[in-house]
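**Q** Quick one, what's the 3D model for this:
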Amino acid sequence: MKNNEKIELKLRPRPTETVSIPIPLDTLESLKKVAANRDMSLTALLKFYIGQSLRQDLAKMYSDRLLETTVQVLSRHLDSEEEIAAIIEEIQTETARTIR
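**A** You can find the predicted model right below:
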């Protein structure tokens, strides 16, 4: 990309709904301080935290579902529960090593 080229970011508008949740005052003050330190609005910080945690939880759910499906498939092809358990443990170990 050349220095004089402009980058244009196009976001798809998504439907939204406003929610109200009670937050302890001391937590709210801490959130405001963190938001100010990051040069963000409180709303932007909360959306960031929610989005970040949501992505982590969805990835975990997908991973768990994938492992469950793997167990089911292996069970159809292998008779040994010990062998299946060993394979799943190896997959989990290799995956954990890759993530670090």
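
**Q** For this protein, give me the ranges with low pLDDT.
**A** 1-3, 99-100 (pLDDT under 70).

**Q** need the longest helix for this structure.
**A** The single longest helix within the chain, with elements called by DSSP state H, is helix 42-77.

**Q** Show me what that one is packed against.
**A** When contacts are defined as 3 or more C-beta pairs under 8 Å, 6 or more residues apart in numbering; DSSP states H and E, helix 42-77 packs onto helix 25-37, helix 81-99. From N, CA and C alone the C-beta is placed, and that goes for glycine too.

**Q** by how many degrees do it and helix 25-37 diverge?
**A** 100 degrees (axes from the mean of the first three to the mean of the last three C-alpha atoms, to 10 degrees).

**Q** From the chain's centroid, how far away is helix 42-77?
**A** From the chain centre to the centre of helix 42-77 is a distance of 7 Å (C-alpha atoms, centre = their mean, to the nearest Å).

**Q** in that helix, what's buried?
**A** 45, 74 (16 or more other C-beta atoms under 10 Å).

**Q** Compute the inter-axis angle for that helix and helix 81-99.
**A** Relative orientation of helix 42-77 versus helix 81-99 (the same axes, to 10 degrees): 150 degrees.
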